[in-house]
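Novice: no sequence for this one, just the structure:
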């Protein structure tokens, strides 16, 4: 299924633009207008003009060629509008309108599907937010920009049935500095579903990591195939909703799909090579890890370095088992570090660690062939660690020798330095458990399969 | 053990103040000087004057009465300085200096202990940050204020052996808006240990919640007794470090104490009525819950309300099993809510939920005797929910009818409204799993024991 036009359309019609600025169609039109100017056309039979632009009574009245239709009219009118799009030669429609299968109106949904079939059209929706392409600027999300930030262009794609999950994840992710390629909320998914989108994003050069929130899948066998193929090309992080009994009941009434058994889903997902996460925070930890990874790990042996004993211990606890430090590196570090330091794993540089001490330790660990991944804890609260430790960490990350994950946290002073790490692209995490989840995600994808 | 003076001392001597402003003694002196003025005395035989203040050659030269000694001299000098404090009549000392049992110098630690015994003195430390009392202003932490924020006066006490955990937790907590009563890093704990501090904080009127990070306890039986007694008076949240094999090895070399078996610790802690958490983020979720709780839950039945189906499902999944909505409330809500809403648990007010719809749903659930706790998800990204939903949530929280936890997250616009909820004292959480952990902590303390 060729889905490119949904994301790259150069001319778009929005059907259902009204004079009320907060109505769905109006918000979408205004958003698209900013980017596409006169290549976006408003349609509404009762409205003469919107934002100073002539509003067409029907799609058929538009004198130019249109590639993509965005439909935000009341549910019962949708089949008629879609048919007009079809007659106009528009093959791609995003149907935001609700009131179909999700509220039990199966008849209307079937009517819609037969129109789509008749004109050989591809549809995203109904009952969805549609698509947002941070590179091309196509954006059918009806959240006003002042309520929901739009992402910078980047390499993360996110797909969800649920509009609320989609928009909220996006809004949080923008705040956390993640860059996006494509975001899709596909709602009822009557034509384009999760499997089609996975297939498409697997081959999308702008997408480096795929995030997926699902409650149920339409066709298990097809999904498994699409997911396996996608996972072979790039990390696919999946969060499954509705795994508890109450969540499952809610998912059934939310999307009309069976949420299924937690254990079975977990097994099937892992078999397909997906990175399975169990909460939104874990999802974001994994996204950060993959988005920022400069080099694949060669194995699963993690070395922890810290200037705070307790934080080293909590990091070790969160990671589970750690290998012992290799003899050669231990001997070297014992010579180079003060006697109070604990040369082990975690490697405790202790509270008075200087930038120099970090540099020595990190270099030694990057050279050690028995270490695959570094987790470096830097507590900036202690007086002696210099601000230039940031440079040491950035250099280690950019050396592309091994994946380097940083744990750093705190108040204003620490946030300033964490901000510098973050802007330099270093995967930095607030808590040991977040870094540990990131490490686990990366190892599960590159090593454990 | 009467520990009050550690926190309420009106006159303090800092031994080991040097001319270098970043040295431990100097930072402590400068911090205390700001608050206590001429009631803080610097001591160092080689220094004539510090910050324009006469520096005494010995504690014994100070002409006035001193209640608390803060010692930041090299380890080997500590016993002599402590003896001088003893002769001066100072019964309370905070010994920041390191180089004792924690590096294997058992002889020096024993020497120190015999001096303390001879003069009948109480000591916190050695190898610690000491105490910080946000109400009285006593603050022996050697982190410069520009590196580590100091908390506002509040009701959370935090105790840890580890200085790094103590200062970092504090720094993060200050940023998250938690108010503190007393914070103690007790290091080697040769006199005052975790059990003494628990006993003391249990009876401290300024402390409403106690947070505790431990790697090992000195006397298991005493700890269990002190913890049980404390937990009967107020929630005690405990995070145990060193539960993994690698973490356990690190804990042994960090504090010289056996970290012990994870399962045994968990059982013993729960038996004592402690709220057991397993990560720093979980710790903060629990702190927020207890700090902000206005009313104890009467049971463990949680009702979820949401305007985003997917978020409702993720919240249900994170909480585990949810009760069905009671018949009476269901009938009432079906009459009052639009037909598209899902009247169940989670109660889905759907994407176009207005403030009015939230008010109706929350009121009904507060009245329902079959509901004990409310978790309300509000996604501000959708256009229709008014900003005044904040008032509805604040009112529900302040009604003190049931504990109300809020899940709200997002970018700039959402953060503005979340900030308002936060400042009004509503326990608001970024992700469903955080709110769920908070709910579990509260239920485990008030109901499950």
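Specialist: That came through, no problem. The shown structure was predicted, so the numbers you read here are calculated from the model rather than taken from an experiment. Residues are numbered from 1 along each chain as shown, chains lettered A, B, ... in the order given.
Novice: got the residues of the stretch 251-400 of chain A near chain B?
Specialist: A:251, A:253-255, A:259, A:279-281, A:307-314, A:316-322, A:339-340, A:342, A:344-346, A:348, A:351, A:379-384 (CB under 8 Å from any CB of the partner chain). Yep, even glycine has a C-beta here, placed from its N, CA and C like the rest.
Novice: Quick one, which of these are buried?
Specialist: Buried subset of those (neighbour count, 16 or more other CB atoms under 10 Å in any protein chain shown): A:251, A:253-255, A:259, A:279-281, A:307-314, A:316-319, A:322, A:342, A:344-346, A:348, A:351, A:379-383.
Novice: so how many other residues sit close to the closest residue to residue A:384 other than its chain neighbours?
Specialist: Nearest non-adjacent residue to residue A:384, counting by CB to CB, 6 or more residues apart in numbering or on different chains: residue A:352, 4.8 Å away. By the criterion of other CB atoms under 10 Å in any protein chain shown, residue A:352 has 16 neighbours.
Novice: So residue A:352 sits against residue A:382, correct?
Specialist: Yes: using CB atoms under 8 Å, residue A:352 makes contact with residue A:382 at a distance of 7.1 Å.
Novice: Neighbours of the closest residue to chain B within the stretch 101-250 of chain A, how many?
Specialist: Using CB to the nearest CB, the closest approach of the stretch 101-250 of chain A to chain B is made by residue A:164 at 2.7 Å. Neighbour count for residue A:164, taken as other CB under 10 Å: 26.
Novice: Pretty sure it sits in a strand.
Specialist: No: Residue A:164: not assigned to a strand; according to DSSP: H, G, I helix; E, B strand; the rest coil it is helix.
Novice: What does the pLDDT read for it?
Specialist: pLDDT recorded at residue A:164 is 87.
Novice: With residue A:22 instead?
Specialist: Residue A:22 is assigned a pLDDT of 81 by the prediction.
Novice: and it, how far is that from chain B?
Specialist: Distance, residue A:22 to chain B, by CB to the nearest CB, to the nearest Å: 5 Å.
Novice: Please verify my assumption that that residue contacts residue A:144.
Specialist: Yes: Residue A:22 is in contact with residue A:144 according to CB under 8 Å; the separation is 7.2 Å.
Novice: Which of these two has more residues huddled nearby?
Specialist: Here residue A:22 and residue A:144 are compared on neighbour count by other CB under 10 Å; more neighbours surround residue A:144, at 17 against 12.
Novice: so who does the spatially closest residue to that one that is not a sequence neighbour touch?
Specialist: Leaving aside its chain neighbours, residue A:144 sits nearest to residue A:27 (5.5 Å; criterion: CB to CB, 6+ apart). By CB atoms under 8 Å, 6 or more residues apart in numbering or on different chains, the contact list for residue A:27 reads A:21, A:142, A:143, A:144, B:383.
Novice: Check the gap between residue A:353 and residue A:389 for me.
Specialist: 9 Å (CB to CB, to the nearest Å).
Novice: same deal with residue A:83?
Specialist: Separation of residue A:83 from residue A:389 (CB to CB): 64 Å.
Novice: How about residue A:5?
Specialist: Noted for residue A:5: a distance of 49 Å to residue A:389, by CB to CB.
Novice: more crowded one of these two?
Specialist: Taking other CB under 10 Å, residue A:5 and residue A:389 do not tie; residue A:389 has more neighbours (25 against 15).
Novice: ok, that one touching residue A:377?
Specialist: No: contact between residue A:389 and residue A:377 fails when scored by CB under 8 Å: they sit 11.4 Å apart.
Novice: Do a quick rundown of the strands in the stretch 51-200 of chain A.
Specialist: A:53-54, A:68-71, A:92-95, A:122-124, A:130-133, A:153-160, A:180-185 (DSSP state E, counting those that start in this stretch).
Novice: lowest-confidence stretch among the ones you listed?
Specialist: Set side by side, these differ in mean pLDDT, and strand A:53-54 is lowest with a mean of 92.
Novice: For the residue nearest to residue A:93 when sequence neighbours are not counted, which residues are in contact?
Specialist: Counting by CB to CB, 6+ apart, residue A:93 lies nearest to residue A:69, which is 4.2 Å off, once chain neighbours are set aside. The contact partners of residue A:69, taken as CB under 8 Å, 6+ apart, are A:12, A:13, A:15, A:59, A:81, A:82, A:85, A:90, A:92, A:93, A:94.
Novice: which residues does residue A:69 bridge with?
Specialist: Using DSSP bridges, the beta-bridge partners of residue A:69 come out as residue A:13, residue A:93.
Novice: now the end-to-end length of stretch A:401-415.
Specialist: In terms of CA to CA, to the nearest Å, the two terminal residues of stretch A:401-415 are separated by 27 Å.
Novice: Just the buried residues of it, please?
Specialist: Judged by neighbour count using 16+ other CB under 10 Å, the buried positions of stretch A:401-415 are A:401-411, A:413-415.
Novice: Widest-spaced pair of those?
Specialist: Spanning the widest gap among the buried residues of stretch A:401-415 are A:401 and A:411, at 32.1 Å by CB to CB.
Novice: tally of neighbours for residue A:203?
Specialist: Considering only other CB under 10 Å, residue A:203 is surrounded by 13 other residues.
Novice: and if you look at residue A:65?
Specialist: Neighbours of residue A:65 under the rule other CB under 10 Å: 10.
Novice: State the distance from it to residue A:88.
Specialist: Applying CB to CB, the value for residue A:65 to residue A:88 is 9 Å.
Novice: roughly how far out does the least confident helix or strand in chain A by mean pLDDT sit from the chain middle?
Specialist: Across the helices and strands of chain A, the lowest-confidence element by mean pLDDT, DSSP states H and E is helix A:245-255, at a mean of 78. Helix A:245-255 sits 23 Å away from the centroid of its parent chain (CA atoms, centre = their mean, to the nearest Å).
Novice: what comes into contact with that helix?
Specialist: For helix A:245-255, the surrounding residues in contact (CB under 8 Å, 6+ apart) are A:102, A:161-162, A:188, A:215-216, A:241-242, A:257-260, B:309-310, B:312-314, B:316-317, B:319, B:321-322, B:342, B:344-346, B:348.
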